[in-house]
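Asks: Here's a sequence, model it:
(2 chains)
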2 protein chains.
Amino acid sequence: MMTELKNDRFLRALQGQPVDCTPVWMMRQAGRYLPEYKATRATAGGFMDLCKNPQLACEVTLQPLERYPLDAAILFSDILTIPDAMGLGLTFETGVGPRFSKTVSSQTDIDALPVIQGESDLGYVMDAVRTIRHELNGRVPLIGFSGSPWTLATYMVEGGSSKDFRRAKVMAYNEPAQMHQLLDKLSQSVINYLNAQVEAGAQALQIFDTWGGALSEAAYEEFSLGYMRKIIAGLIKEKDGQPIPVIVFTKNGGLWLEAIADSGCQCVGLDWTIDIGKARQRIGDKVALQGNMDPTILYASASAIRDEVARILASFGRGNGHIFNLGHGITPDVSPENAGVFINAVHELSASYHQ
Amino acid sequence: MMTELKNDRFLRALQGQPVDCTPVWMMRQAGRYLPEYKATRATAGGFMDLCKNPQLACEVTLQPLERYPLDAAILFSDILTIPDAMGLGLTFETGVGPRFSKTVSSQTDIDALPVIQGESDLGYVMDAVRTIRHELNGRVPLIGFSGSPWTLATYMVEGGSSKDFRRAKVMAYNEPAQMHQLLDKLSQSVINYLNAQVEAGAQALQIFDTWGGALSEAAYEEFSLGYMRKIIAGLIKEKDGQPIPVIVFTKNGGLWLEAIADSGCQCVGLDWTIDIGKARQRIGDKVALQGNMDPTILYASASAIRDEVARILASFGRGNGHIFNLGHGITPDVSPENAGVFINAVHELSASYHQ
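Replies: So this is what the prediction gives:
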């Protein structure tokens, strides 16, 4: 038997149900802006050592919940666990970001990639999910996640981060069949990975499509959204009688909201460039909306942060189906105090919209 | 008397008039992808030495026209000439990009900035415009340009390029009155600068709002679009009986097309993330549209480039008011051959849409 959930605001909002105030969490909420995170990470060794240690991954997942009244926990992990499990050799260097020791540039490379099975290939992630669920003890729901196939493919083809995704785009435009084979293998792997997270205890899922917004609309549909649609169709719909909602977050995807909302997801994540009230007008109450304060505003004053939270709440207006979040991950040198101002402002200022 | 224009496709398209084929130019068409540009730059010294030498600036402006049947020339210069003339000390270091020796971070700094007069403060730009117009001898029209006030302000406050515009956004959110004073001085300066370019011979103007798209919609209106509207209202409307059309290009501005089209401009520049047919549906034939192929596709094969040109032309469809361009500047290591494939494909494949 699963423990009763003590705070279900996040899951209720995902289903468009009434809540007492708007739920809030932050992308990268377990991260370097917290001194306790840096302390734990220092004991772990490298960043991937932290991801691969279920006890420590659990510890950092829970750290922001000790500080702030957050309405959800998100598994501490990285979007690149799948390509790492495929054998590409992931490392993180300070100031450089992720690097793969092998890259994918040919048909032979793609043929050699295995489809990933969740529990057998990425057991450390599932162990972390189980440990976190146990330690959460029903306090808030746990979000599992994966990178989108296109986003993973960009790192695999480029060998790491990229400004213009030159190699990945050249493969997509010059050798579309080859890119589709890569995206197919990744999609199968993401389905296996996310379903294993649900079996291990994840209560909602987010697909991070960090780089879909670097594509043209036609290429986004062909190389990114189409595969996310396929993934959502392949996911477990409920567990223990509870629906497992899926959030799709395409950064710079504001132009394509209608198509994203039609993907089968239960919630669309918004970056800060779109007015959330206009987003709601465009897709109605078909899906929930998550977002969308510019994370850079966390460097401003407490009153500026509160004003911006108020502006976003007013733009969304009354009614259900809003999960507050930043429009992208919280950055490493934000002060923890300002993160607290943000989270408290959401709860305090949103209550009147839910009366 | 001005020389008769031999190729007026670009100006006709900006006014929504019929053309025999779609006009095309490329942002940064005078640039490092051309070996002849690199040769000229090597003789000039630094990048700003090249900008400040009217003969050499003219030479590199004309180089792409010698290679390709482009329908417009654009003044070779940099968007940061205004802050440089204000005394901030602009330098370019290889691999680092622009740096200012002084930055703007306080009310005192802003009070100390002069409003720039075009001819007296930036005479070298006007000399370049006059030289280019003379050398063009009516071959194609000459585009003048400026950075937008918000875009210039980000560099001035950050001291150079930035990933997240942290300092500029903190000033905007914490000290909005201060940021507005900075933007006011910049707007006055941009009006003076662009009007002087028109007096010197520029036949169309483009405002590059490279970083407006990093803002929320509300902040974009307040800190970027509002000032571009004010600038357009302050510009010379015609010269020698010819209208002087204004193109506004906000990268990542696709969500705000309607507002940009209402700014008083004659043309909206589009990056590649928006479908140009949908952009046309949204703003009708109110203004012309410029764009919008992903510049990264210039790294792909000739047939991929031609296919993408064909797709964009089909999306725009029949009728007037389209200037073809890339969705952002051409990148330094594209092959000149591929740029030629792009330009020829636009002329060849567009003719049937204009019959």
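Asks: Next one: A:Gly138 relative to A:Leu5, how far apart?
Replies: Relative to A:Leu5, A:Gly138 is positioned 5 Å away (criterion: CB to CB, to the nearest Å). Every residue, glycine included, has its C-beta placed from N, CA and C.
Asks: Check A:Met228 too.
Replies: Applying CB to CB, one obtains 27 Å for the distance of A:Met228 from A:Leu5.
Asks: do A:Phe100 as well
Replies: The gap separating A:Phe100 from A:Leu5 is 38 Å, by CB to CB.
Asks: So these two - more neighbours on which side?
Replies: Counted by other CB atoms under 10 Å in any protein chain shown, A:Phe100 and A:Leu5 do not tie: A:Phe100 has more neighbours, with 21 against 17.
Asks: which phi and psi does that one have?
Replies: Here the main-chain torsion angles of A:Phe100 (degrees, to the nearest 10) amount to phi -100, psi 140.
Asks: which one is it nearest to, not counting chain neighbours?
Replies: Taking CB to CB, 6 or more residues apart in numbering or on different chains as the measure, A:Phe100 lies nearest to A:Leu88, with 4.2 Å between them; neighbours along the chain are not counted.
Asks: Over to stretch A:240-249 now: how far is its first residue from its last?
Replies: Start and end residues of stretch A:240-249 are separated by 26 Å (CA to CA, to the nearest Å).
Asks: All the helices of the stretch 51-200 of chain A, in order from the start?
Replies: In the stretch 51-200 of chain A, helices defined by DSSP state H, counting those that start in this stretch lie at A:54-67, A:81-83, A:107-112, A:118-121, A:123-136, A:149-158, A:166-174, A:176-200, listed in chain order.
Asks: Touching the fourth one from outside, list them.
Replies: Yep, that's helix A:118-121 we're talking about. Contacts made with helix A:118-121 from outside it, assessed by CB atoms under 8 Å, 6 or more residues apart in numbering or on different chains, are listed as A:85, A:114, A:125-126, A:192-197, A:199-200.
Asks: Can you pull out the low-pLDDT segments for the stretch 1-150 of chain A?
Replies: Across the stretch 1-150 of chain A, the stretches falling below the confidence threshold (pLDDT under 70) are A:1-2.
Asks: Repeat that for the stretch 151-300 of chain A.
Replies: Judged by pLDDT under 70, the stretch 151-300 of chain A has no weakly predicted residues.
Asks: Which residues of it lie near chain B?
Replies: Counting by CB under 8 Å from any CB of the partner chain, the residues of the stretch 151-300 of chain A close to chain B are A:164-166, A:169-170, A:173-174, A:213-220, A:252, A:254-255, A:272-275, A:278, A:294-297, A:299-300.
Asks: Okay, and which of those map to helices?
Replies: A:166, A:169-170, A:173-174, A:217-220, A:278 (DSSP state H).
Asks: Count the neighbours of A:Glu238 for me.
Replies: A:Glu238: 10 surrounding residues under other CB under 10 Å.
Asks: go on, A:Pro149?
Replies: That count, for A:Pro149 with other CB under 10 Å as the rule, works out to 29.
Asks: I'd assumed A:Leu183 was in contact with it.
Replies: Yes: shown here, A:Pro149 and A:Leu183 form a contact pair, counting by CB atoms under 8 Å, at 4.5 Å.
Asks: Name the residues contacting each of those two.
Replies: Shared contacts of A:Pro149 and A:Leu183 (CB under 8 Å, 6+ apart): A:Tyr227.
Asks: sorry, back to before: pull out the buried residues from the contacts of helix A:118-121.
Replies: If you count burial by 16 or more other CB atoms under 10 Å in any protein chain shown, the buried members of the contacts of helix A:118-121 come out as A:85, A:125-126, A:192-197, A:200.
Asks: would you list the residues you listed in CSV and tack on distance to B:Phe208?
Replies: Shown next, in CSV, are the buried ones among the contacts of helix A:118-121 (distance: CB to CB, whole Å):
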residue, distance to B:Phe208
A:Ala85, 44
A:Val125, 45
A:Met126, 49
A:Asn192, 46
A:Tyr193, 42
A:Leu194, 42
A:Asn195, 47
A:Ala196, 48
A:Gln197, 44
A:Ala200, 50
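Asks: so which of the contacts of helix A:118-121 comes closest to A:Asp71?
Replies: Closest approach between the contacts of helix A:118-121 and A:Asp71, by CB to CB: A:Gln197, at 19.3 Å.
Asks: quick one: the closest one and A:Gly144 touch, right?
Replies: Yes: taking contact to mean CB under 8 Å, the distance of 3.5 Å between A:Gln197 and A:Gly144 places them in contact.
Asks: shared neighbours of these two, which are they?
Replies: The contact lists of A:Gln197 and A:Gly144 share A:75, A:129, A:205, where a contact means CB under 8 Å, 6+ apart.
Asks: which ones are touching the first one?
Replies: So the one you mean is A:Leu75. By CB under 8 Å, 6+ apart, the contact list for A:Leu75 reads A:57, A:61, A:125, A:128-129, A:132, A:142-145, A:197, A:202.
Asks: Likewise for the last one?
Replies: Counting by CB under 8 Å, 6+ apart, A:Leu205 makes contact with A:143-146, A:194, A:197-198, A:235, A:244-247.
Asks: go again using 10 Å as the cut-off
Replies: By CB atoms under 10 Å, 6 or more residues apart in numbering or on different chains, the contact set of A:Leu205 is A:75, A:143-146, A:190, A:194-195, A:197-198, A:231-232, A:235-236, A:244-248, A:265-266.
Asks: before we move on, back to that, and the ones in helices among the residues of the stretch 151-300 of chain A next to chain B, which two are the farthest apart?
Replies: Looking at these by CB to CB, the two members farthest from one another are A:Asn174 and A:Lys278, with 37.1 Å of separation.
Asks: How about the stretch 51-200 of chain A: which residue is closest to chain B?
Replies: Among all residues of the stretch 51-200 of chain A, A:Tyr173 sits closest to chain B, at 4.0 Å; criterion: CB to the nearest CB.
Asks: For burial, what's the neighbour tally of that residue?
Replies: Counted with other CB under 10 Å, A:Tyr173 comes out at 22.
Asks: which ones are touching it?
Replies: A:Tyr173 neighbours (CB under 10 Å, 6+ apart): A:179, A:219, A:223, B:294, B:296-297, B:299-301, B:303-305, B:307-308.
Asks: With distance to A:Arg318 and neighbour count added, can I get those in JSON lines?
Replies: Written out in JSON lines, the entries for those read as follows (distance: CB to CB, whole Å; neighbours: other CB atoms under 10 Å in any protein chain shown):
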{"residue": "A:Met179", "distance to A:Arg318": "44", "neighbour count": "24"}
{"residue": "A:Ala219", "distance to A:Arg318": "38", "neighbour count": "23"}
{"residue": "A:Phe223", "distance to A:Arg318": "38", "neighbour count": "27"}
{"residue": "B:Asp294", "distance to A:Arg318": "40", "neighbour count": "24"}
{"residue": "B:Thr296", "distance to A:Arg318": "43", "neighbour count": "25"}
{"residue": "B:Ile297", "distance to A:Arg318": "45", "neighbour count": "26"}
{"residue": "B:Tyr299", "distance to A:Arg318": "49", "neighbour count": "21"}
{"residue": "B:Ala300", "distance to A:Arg318": "49", "neighbour count": "22"}
{"residue": "B:Ser301", "distance to A:Arg318": "53", "neighbour count": "15"}
{"residue": "B:Ser303", "distance to A:Arg318": "53", "neighbour count": "12"}
{"residue": "B:Ala304", "distance to A:Arg318": "49", "neighbour count": "21"}
{"residue": "B:Ile305", "distance to A:Arg318": "50", "neighbour count": "22"}
{"residue": "B:Asp307", "distance to A:Arg318": "48", "neighbour count": "16"}
{"residue": "B:Glu308", "distance to A:Arg318": "44", "neighbour count": "22"}
